[in-house]
Every structure is written in structure tokens, then in C-alpha cells.
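Trainee: dropping the sequence and predicted coords here.
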Amino acid sequence: MADDADQIAELAIRAWEAAFRGIVPPEIDPRRGWDADRVRARLLERGRETEHAVAELDGELRGYIVYGPSRDEDAPPSVGEIWALYVHPATWRRGVGRALVEHALTELRAAGYLDATLWTLAESPPARAFYEACGFERDGAEQRRPSFGNPLEIRYRRRPRGARKDPPKLRRFR
């Protein structure tokens with residue numbers, strides 16, 4: 001996957017520019033965070049706590065997702081998180097994002113996470129509609145991220161496929 005760093009960086013920049021235009025201040029340059037060398041270093045990092053996956057469509061890399069344990073201070077160890085999802089705008093509405101989200105949810109469940117969360121910008125109706133169509137629901141948490149120019153982010157939550165909504169209650173017999 002480290003060989004894909006250039007393509008990952010390029011698609012993340014294109015997705016950022018299309019999705020965040022008018023929400024994130026223009027002085028926040030996505031190229032700073034999505035430099036191909038930085039992406040490559042993250043992918044080669046040993047012992048990283050996140051997993052990464054890419055999606056190809058028509059022979060081209062068109063999507064990228066990062067997932068792992070929740071970064072939220074209030075999250076119990078049973079909560080995983082989709083840290084980032086980027087889909088090239090030329091392939092929006094072609095199933096790439098949904099396939100990546102389902103992959104991440106399946107992997108999170110296999111790793112033992114009972115819930116999955118993600119953060120998205122409150123001022124992005126398309127992103128919110130996408131996550132809601134994927135079965136995520138707002139859980140009421142909000143935060144502001146200074147590195148994005150301080151827009152309001154809202155948290156969504158979903159149980160990965162196969163997770164029980166309520167764990168079984170056990171009773172002990174004597």
C-alpha cells in the first residue's frame with residue numbers, strides 16, 4: 001500500500017477541495033496534511049494503531065479509509081472509529097465510499113469493537129446524508145477542530161454488522 005501513497009494523497013486533496021469548499025477556510029491547505037511522503041511514512045509506520053484500506057474502480061485508486069480505536073477521551077475500549085474517509089469526487093455516488101465504510105465496519109467488528117463512531121462537518125449536508133444512508137446516527141457529541149479552521153464537527157455512531165444492540169443478560173443459578 002505504501003506504493004499507493006502518491007495516489008492516496010492526490011485523491012484526498014481532490015476530495016477535500018470538493019467536500020470542504022466553503023466550509024473550511026481557504027487558507028487551510030490540504031496539501032500540508034496530504035503530502036505523499038507523509039502518507040507513505042504513515043503507511044510504513046510499525047505498530048500503528050490504525051488500519052488503512054483503498055478502493056479501486058475501473059483500475060484506478062478512487063477511495064481511502066482509515067479506521068481503528070476511538071480517539072475520543074470518553075470512549076470505552078469497545079468503541080472503534082472511522083478516522084478518515086476520502087473518495088475521489090469523480091466517483092462519488094458509485095459505491096466506493098459505501099464499500100469502504102462497510103469494509104471498515106466489518107473489520108472493526110472482527111477486532112471486537114461493539115460500536116463505531118466518526119466525526120463529520122455539521123455544515124456538510126452531503127456528508128451527513130451519506131453517513132445516515134450508511135446507517136449512522138448522530139449521538140449528540142460536538143467538537144471544534146482548530147486545524148480545520150474551527151468548523152463544528154458532529155459525531156455519528158453505528159453498531160458494526162453482527163454486533164448485538166443489547167448484550168444478553170446472564171443470570172446465575174444456584
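Mentor: Thanks, I have it. This is a predicted model, so every value here is computed, not measured.
Trainee: what is the burial count for the nearest residue to Arg145 once chain neighbours are set aside?
Mentor: Leaving out its chain neighbours, the residue that sits closest to Arg145 by Cβ to Cβ, 6 or more residues apart in numbering is Glu153, at 5.8 Å. Where you see a C-beta, it was placed from the backbone N, CA and C, and this is true even at glycine. For Glu153, the number of neighbouring residues by other Cβ atoms under 10 Å comes to 18.
Trainee: give me phi/psi at Glu153?
Mentor: Dihedral pair for Glu153: phi -110, psi 150, per degrees, to the nearest 10.
Trainee: hmm, Ala122 and it touching each other?
Mentor: Yes. Here Glu153 reaches Ala122: they are 6.6 Å apart, a contact under Cβ atoms under 8 Å.
Trainee: hey, what's in contact with both of those two?
Mentor: Taking Cβ atoms under 8 Å, 6 or more residues apart in numbering as the contact rule, Glu153 and Ala122 both touch Glu142.
Trainee: name the helix or strand of the chain that has the lowest mean pLDDT.
Mentor: Ranked by mean pLDDT, DSSP states H and E, the weakest helix or strand in the chain is helix 30-33, scoring a mean of 76.
Trainee: got the CA coordinates for it in CSV?
Mentor: Only the C-alpha atoms of helix 30-33 are listed here, as CSV (Å, rounded to 0.1, in the frame of the first residue of the first chain):
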residue,chain,number,x,y,z
PRO,A,30,-5.0,20.2,2.4
ARG,A,31,-1.6,19.7,0.7
ARG,A,32,0.1,20.2,4.1
GLY,A,33,-1.5,17.1,5.6
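Trainee: now name the helix or strand holding Ala116.
Mentor: Using DSSP states H and E, Ala116 sits within strand 115-121.
Trainee: buried residues of whatever helix or strand comes next after that strand, list them for me.
Mentor: Using DSSP H and E, the helix or strand that follows strand 115-121 in sequence is helix 125-133. By 16 or more other Cβ atoms under 10 Å, the buried positions in helix 125-133 come out as Ala127, Arg128, Phe130, Tyr131.
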